[in-house]
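Colleague: Quick one, fold the following:
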Amino acid sequence: MSLITVTGEIDPGEVLLADAHEHVWIQPEAGVDPSARIELNDYDAITGELRTLSSGGVLLVDCQPGGAGRDARQLEAVARAANLWITAVTGFHQRKYYPPAAPHWSQTADDFIAELTHATHETRDHAVPVRASAIKVGYEGVIEGQTRVLMEAAAHAARATGATILFHTEQGRGVELLIPFFEGYGVPASQLYLCHVDKRNDFALHADLARAGALLGYDTFARPKYDPANNVWRLLQQMIAAGLDHRVAVGLDFAFPSMWAFGGGQGIAGAYASILKRMEQIGLTADSIRRLTARNIAQQLVFKTAPPSGV
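Modeller: Numbering: from 1, shown residues only. Model (predicted):
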């Protein structure tokens, strides 16, 4: 089975390093509340920095869905210019990232399925359209209202296509509700990727989620305000000791330009170099490092079943 990227399908075994939760391009729609407006759209700066990262085999998992700032055309252009792979998501983010009356806040399972199997809406007219590889769910910890409606649509799309559902969680709040909710719609835990859960430092919970089959996204390694030494690194070592490193994926979540090197931050290349060095210092095996920083997320994003005929 192959992995869908914005520049075509690849063998997941080709991925040597992956940023399992990233934001490569964000161009918000007009009308988004200024307090929630994030712009990451300097093409030259982004491609210039990413060229320093890629020496082949690099994958970035972009997590910005349509209507909330995604532009699959730009993701494709950046991937080609920087000589690396990028994946795109369909689905939805938190309501605050959309303008009032945004049509994307009323999407259906058919909309998600179309982006996974045919084309993202902004590339529908391209000779070679860009497809999404996963379904994003902007989850705030409560399953209610339109969020519940959209989560049900995500479940139907995941069941129809075998695509992974990738979750934004608010510091892991309410994450224990997700596996039973989606299993109730026929989507197994093995199709769920729970991001930002390292902000909730609860090893017993993490172990339970991993043993149930979910993939956990750890992405605060380069975020000092979350005290990575006493939180994510400790959690990671506990998960490894419990034999659960096959259910963790490492990302950076650099949504703000100030985190990138061109914005004065550590940058993706610098952050990953620091993470890999620390992993070696604490005695992780080469195989464990490869799982955490490449193999787990690459395998997760491969559709678990072939899309039904006619989808």
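
Colleague: can you give me the helices for this structure?
Modeller: Assigned by DSSP state H, the chain shows helices spanning 43-53, 72-82, 109-117, 145-161, 178-183, 203-212, 232-241, 268-281, 286-290, 296-300.

Colleague: Save those helices as a markdown table, and put in mean neighbour count too.
Modeller: For glycine as for every other residue, the C-beta is placed from the backbone atoms N, C-alpha and C. Output for the helices of the chain, formatted as a markdown table (neighbours: other Cβ atoms under 10 Å):
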| stretch | mean neighbour count |
| --- | --- |
| helix 43-53 | 16 |
| helix 72-82 | 20 |
| helix 109-117 | 22 |
| helix 145-161 | 20 |
| helix 178-183 | 18 |
| helix 203-212 | 17 |
| helix 232-241 | 19 |
| helix 268-281 | 16 |
| helix 286-290 | 14 |
| helix 296-300 | 24 |
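
Colleague: Using CSV, please lay out those helices together with distance to residue 35 and mean pLDDT.
Modeller: Converted to CSV, these look like this (distance: least, Cβ to Cβ, whole Å; pLDDT from 0 to 100):
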stretch, distance to residue 35, mean pLDDT
helix 43-53, 24, 96
helix 72-82, 24, 97
helix 109-117, 27, 98
helix 145-161, 20, 97
helix 178-183, 27, 98
helix 203-212, 31, 98
helix 232-241, 27, 98
helix 268-281, 26, 96
helix 286-290, 39, 97
helix 296-300, 31, 98
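
Colleague: mind putting those helices in a markdown table, distance to residue 95 included?
Modeller: As requested, the helices of the chain are exported to a markdown table (distance: least, Cβ to Cβ, whole Å):
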| stretch | distance to residue 95 |
| --- | --- |
| helix 43-53 | 27 |
| helix 72-82 | 22 |
| helix 109-117 | 17 |
| helix 145-161 | 8 |
| helix 178-183 | 18 |
| helix 203-212 | 25 |
| helix 232-241 | 28 |
| helix 268-281 | 28 |
| helix 286-290 | 38 |
| helix 296-300 | 27 |
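
Colleague: Residue 27: which of those is closest?
Modeller: helix 72-82 (7.5 Å; Cβ to Cβ).

Colleague: ok, residues contacting stretch 145-161?
Modeller: Among residues not part of stretch 145-161, those counted as contacts by Cβ atoms under 8 Å, 6 or more residues apart in numbering are 90-92, 95, 105-109, 111-113, 116-117, 135, 137-140, 143, 163-165, 181-182, 185-187, 191, 303, 305, 307-308, 311.

Colleague: so how far is it from its chain's centroid?
Modeller: On the basis of Cα atoms, centre = their mean, to the nearest Å, stretch 145-161 is displaced by 17 Å from the centre of the chain it belongs to.

Colleague: Residue 278 is in contact with residue 289, correct?
Modeller: No - using Cβ atoms under 8 Å as the test, residue 289 is too far from residue 278 to be in contact (10.4 Å).

Colleague: about what we covered before: please identify which of the helices of the chain is closest to residue 250.
Modeller: helix 268-281 (6.6 Å).

Colleague: now for the closest one, which elements pack on it?
Modeller: For helix 268-281, the helices and strands in contact under the criterion 3 or more Cβ pairs under 8 Å, 6 or more residues apart in numbering; DSSP states H and E are strand 17-22, helix 43-53, helix 286-290.

Colleague: Include distance to residue 207 when you put the ones you listed into TSV, please.
Modeller: As requested, these are exported to TSV (distance: least, Cβ to Cβ, whole Å):
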stretch	distance to residue 207
strand 17-22	19
helix 43-53	32
helix 286-290	16
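
Colleague: wait, which of those is closest to residue 68?
Modeller: With respect to residue 68, and counting by Cβ to Cβ, the nearest of those is strand 17-22 at 14.8 Å.

Colleague: Okay, angle between that closest one and helix 43-53 too, please.
Modeller: The directions of strand 17-22 and helix 43-53 differ by 140 degrees, with axes from the mean of the first three to the mean of the last three Cα atoms, to 10 degrees as the criterion.

Colleague: Perfect, that will be all.
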